[in-house]
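Enquirer: here is a sequence together with a model predicted from it:
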Amino acid sequence: MNKKYYSWDDVHKSATQIALQMYKENWRPDYIVGITRGGMPLAVILSHMIDTPCNALKVSLRDGDSENESNCWMAEDAFGYTYVPDRNDVFGEVKSVSSKKKNILIVDDINDTGATFNWIMEDWQKGCLPDNPNWSTVWGQNVRFAVMTDNLASNFKGTINYWWDEVNKAEEDVWLVYPYEYD
């Protein structure tokens with residue numbers, strides 16, 4: 001198996017590239033969500049670079065770890081989850097209000113198998129009005145995904161909106177090593 005090593009300079013270059021891609025599209029997050037552990041360095045650098053708040057979300061699907069963090073408030077932010085009372089304030093409804101939707105950038109070091117991002121999409125939608133058709137516009141518009149490295153062989157059901165490097169693990173047996181894994 002080949003190993004590909006990334007440096008801290010590469011992490012900074014990827015943050016710059018991702019920021020430039022977002023600005024080119026005139027899209028800016030209200031906050032960044034770094035996936036622990038691997039996504040946090042890139043998320044924090046991006047947060048400082050574009051002066052945007054940063055949060056963390058624990059999703060670890062490797063090695064039998066199943067204590068993933070479900071953050072419904074992030075899903076509600078993305079969806080524009082709002083309670084709209086009726087005239088008598090007795091029977092209202094919860095719905096998506098466009099002006100309440102927040103732009104959220106979810107960041108990880110790699111989109112490897114797609115499992116982490118698929119889990120987030122399923123968890124957020126399941127926890128916040130799962131049958132509402134507005135979710136189809138939330139993904140890709142209000143919620144976007146960024147990685148340092150995108151594996152083209154991934155099974156991610158969404159779209160990686162911003163990335164710096166690509167690999168295709170179906171064609172090349174390569175193990176990626178990030179600087180925080182060997183420093």
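Expert: Yep, that arrived. Numbering: from 1, shown residues only.
Enquirer: which SS state does residue 163 fall under?
Expert: Recorded secondary structure, residue 163: strand (DSSP: H, G, I helix; E, B strand; the rest coil).
Enquirer: separation between it and residue 144?
Expert: Separation of residue 163 from residue 144 (C-beta to C-beta, to the nearest Å): 11 Å. Where you see a C-beta, it was placed from the backbone N, CA and C, and this is true even at glycine.
Enquirer: which one of those two has more residues nearby?
Expert: Each of residue 163 and residue 144 has its neighbours counted (other C-beta atoms under 10 Å); residue 144 has more, 22 against 19.
Enquirer: so the more buried one makes contact with residue 107?
Expert: No. Residue 144 is beyond contact range of residue 107, at 9.6 Å (criterion: C-beta atoms under 8 Å).
Enquirer: chain center to stretch 121-128, what's the gap?
Expert: Relative to the centre of its chain, stretch 121-128 is centred 13 Å away, using C-alpha atoms, centre = their mean, to the nearest Å.
Enquirer: now that stretch: buried residues?
Expert: Using 16 or more other C-beta atoms under 10 Å as the burial criterion, the residues of stretch 121-128 that qualify are 121, 123, 124, 125, 127, 128.
Enquirer: kindly report the same for stretch 134-146.
Expert: So, applying 16+ other C-beta under 10 Å, buried residues of stretch 134-146: 135, 138, 139, 142, 143, 144, 145, 146.
Enquirer: distance to residue 28, secondary structure and pLDDT for the residues you listed - can I get that in TSV?
Expert: Shown next, in TSV, are the buried residues of stretch 134-146 (distance: C-beta to C-beta, whole Å; DSSP: H, G, I helix; E, B strand; the rest coil; pLDDT from 0 to 100):
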residue	distance to residue 28	secondary structure	pLDDT
135	22	helix	87
138	16	helix	91
139	17	strand	92
142	12	coil	95
143	13	strand	97
144	10	strand	97
145	15	strand	98
146	12	strand	98
